[in-house]
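>>> Let me see the structure of the following:
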Amino acid sequence: MSTVTTPPRLKSPLKGNGVSLPLFEFEPIESLEARLNRREPNSYLLRLGAFKRESLAKPTHNLISLFCGGGGLDLGLSFAGFGTRVASDVAPAFVDTVVANLPHAKACKEDALQLTKQKLCALAGTTKIDLIAAGPPCQSFSILGRRGALADPRGKLALKYFDLIAAIRPKAFLFENVPGLLSVNNGEDWRTLVEYAKKKTGYYLHSARLNAASFGIPQFRERVILVGLKQNVAFEFPEVPTGPKAEEITASLTNRNGEGIPSSWALQSVSGLPNHDIREHGPKVRARYMKIAPGHRDRTDHTDRIDPLKPSGTVLVGSGAGGGRPHIHPFEPRVISVREAARLQSFPDWYLFQGTSTAQYRQVGNAVPPLLAYEVGKKIAEAIARFK
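Below is the predicted model:
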């Protein structure tokens, strides 16, 4: 198996120190950009707009998606040519979102532990599957969770995934998760998981730790990717943005000297878009948020305020009933909307999230950034093309 690799790193995001500063004088985005002499066109929204739904009509490969969530992985892989035939998740609203947005997807709203080759292939309409992709529940692996890992029932779902790979025998598989998986239990769980995958499937394995910000996405978000190939062909992970408007976004990354695409670019022109319902806060919360400078953290609810000139921190799940909250908007005393979070994650504006507000935040916060999945998917497609 290839070793875990990481593309060239961008500078780390500013860490909040928990200190509420005196009332912050918020400058409009245009003023901040002008002050730093950074007036290049918004290449991020230009690139995001270039990924059209129409391009998904005729996929060149098929895909079964397990633990599909809100469909970030599905969408990115679909842009790379892998059309989702089956979208499976135990949360009905999550599956509804994927099926509503992707033209060939069929719903499977079952507990993953009850899934079989027969059920999945019957829904897919074929036993010849090109790719199976999944991001099993990451709470047991995450630094935000209890880190119970494979001892946690949710962690065992990862083993179930590899059992299904062994039964269906696709040309390739993609497993993704949070980087905390590499260190939990001193790395023992990661080694156990990889060894299980290798013995159970017999596939040739490749792994990497990728940061969305390295690919022109305005968010610092790392994911661990494990790719398995049925044949021993050359494979390499992506390192730079490719595809629609890649030259423009690459030029912007170069101009910013390692600072990444500014989050403010993702938050422009959202008024009137679907899933942009602004959460109302009480006077006390609004007054407190007004005192938090961009790049710093509110001490009461531990929510970070976005620095508009840098990629945001990792977009969180958020909850309408407590729990993890979305980031605070850089210029307004409120948390960001579902659509604003989706923009930071690289979901195009035509992608609509189903379910309650809480369900929508969960879908966005748990997702793999689609344009990151797109880059990995293209590399998998290139590898499959080398099969004999």
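>>> which secondary structure element contains the residue nearest to Ala197 when sequence neighbours are not counted?
With Cβ to Cβ, 6 or more residues apart in numbering as the measure, Phe162 is the residue that lies nearest to Ala197, at 4.8 Å, once sequence neighbours are left out. The way it works is simple: take the backbone N, C-alpha and C, and place the C-beta from them, glycine included. If you go by DSSP states H and E, Phe162 is part of helix 153-168.
>>> Just the strands from the stretch 201-350 of the chain, written as ranges.
204-211, 222-229 (DSSP state E, counting those that start in this stretch).
>>> export those to JSON lines and tack on mean neighbour count, distance to Val184 and mean pLDDT?
Formatted as JSON lines, the strands of the stretch 201-350 of the chain follow (neighbours: other Cβ atoms under 10 Å; distance: least, Cβ to Cβ, whole Å; pLDDT from 0 to 100):
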{"stretch": "strand 204-211", "mean neighbour count": "20", "distance to Val184": "14", "mean pLDDT": "98"}
{"stretch": "strand 222-229", "mean neighbour count": "22", "distance to Val184": "11", "mean pLDDT": "97"}
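>>> what's the closest of those strands to Lys106?
Smallest distance to Lys106 across these (Cβ to Cβ): 23.9 Å, for strand 222-229.
>>> beta partners for His61?
Applying DSSP bridges to His61 yields these beta-bridge partners: Phe82.
>>> How about the contacts made by it?
His61 sits next to Gly81, Phe82, Gly83, Asp130, Leu131, Ala381, Ile384 when contact means Cβ atoms under 8 Å, 6 or more residues apart in numbering.
>>> same deal with Leu75?
Taking Cβ under 8 Å, 6+ apart, we find Leu75 in contact with Asn101, Leu102, Phe347, Tyr351, Pro370, Ala373.
>>> For Pro238, see how far away the second one is.
Going back to what we said before, that points to Leu102. Per Cβ to Cβ, to the nearest Å, Leu102 is found 22 Å from Pro238.
>>> just the third one next, same as before
For Phe347, the distance to Pro238 (Cβ to Cβ) stands at 19 Å.
>>> more neighbours, Leu102 and Pro238?
Taking other Cβ atoms under 10 Å, Leu102 and Pro238 do not tie; Leu102 has more neighbours (25 against 19).
>>> The more buried one - nearest residue in space that isn't next to it in sequence?
Thr84 (5.0 Å).
>>> Quick check: the one you found touching Leu77?
Yes. Thr84 is within contact range of Leu77, at 7.5 Å (criterion: Cβ atoms under 8 Å).
>>> Checking Cys121 next. Helix, strand or coil?
Taking DSSP: H, G, I helix; E, B strand; the rest coil as the rule, one finds Cys121 in the helix state.
>>> Ranking helices and strands of the protein by mean pLDDT, which lands last?
When the helices and strands of the chain are scored by mean pLDDT, DSSP states H and E, helix 29-35 comes last with a mean of 53.
>>> for the nearest residue to His327 once chain neighbours are set aside, what are its contacts?
Once flanking residues are discounted, His327 sits nearest to Ile306: 5.0 Å by Cβ to Cβ, 6+ apart. By Cβ under 8 Å, 6+ apart, Ile306 lies in contact with Ser263, Leu267, Pro294, Gly295, Ser312, Gly313, His327, Ile328, His329, Pro330, Ile336.
>>> try it again with 10 Å
Shown in contact with Ile306 (Cβ atoms under 10 Å, 6 or more residues apart in numbering): 13, 218-219, 262-264, 266-267, 294-295, 312-313, 315, 326-331, 336, 340, 344.
>>> The stretch 151-300 of the chain: helices as residue ranges?
Here the stretch 151-300 of the chain has its helices, by DSSP state H, counting those that start in this stretch, at 153-168, 188-201, 246-255, 263-266, 283-290.
>>> tell me which residues in the last one are buried?
Right, helix 283-290. Buried residues in helix 283-290, counted by 16 or more other Cβ atoms under 10 Å: Val285, Arg288, Tyr289.
>>> and if you look at the third one?
Buried residues in helix 246-255, counted by 16+ other Cβ under 10 Å: Ala246, Glu248, Ile249, Thr250, Ser252, Leu253.
>>> burial count for the closest residue to the third one other than its chain neighbours?
Put plainly, it is Ile249. In space, Ile249 comes closest to Gly216 once its chain neighbours are excluded; the distance is 3.8 Å by Cβ to Cβ, 6+ apart. Gly216 sits with 26 neighbouring residues when counted by other Cβ under 10 Å.
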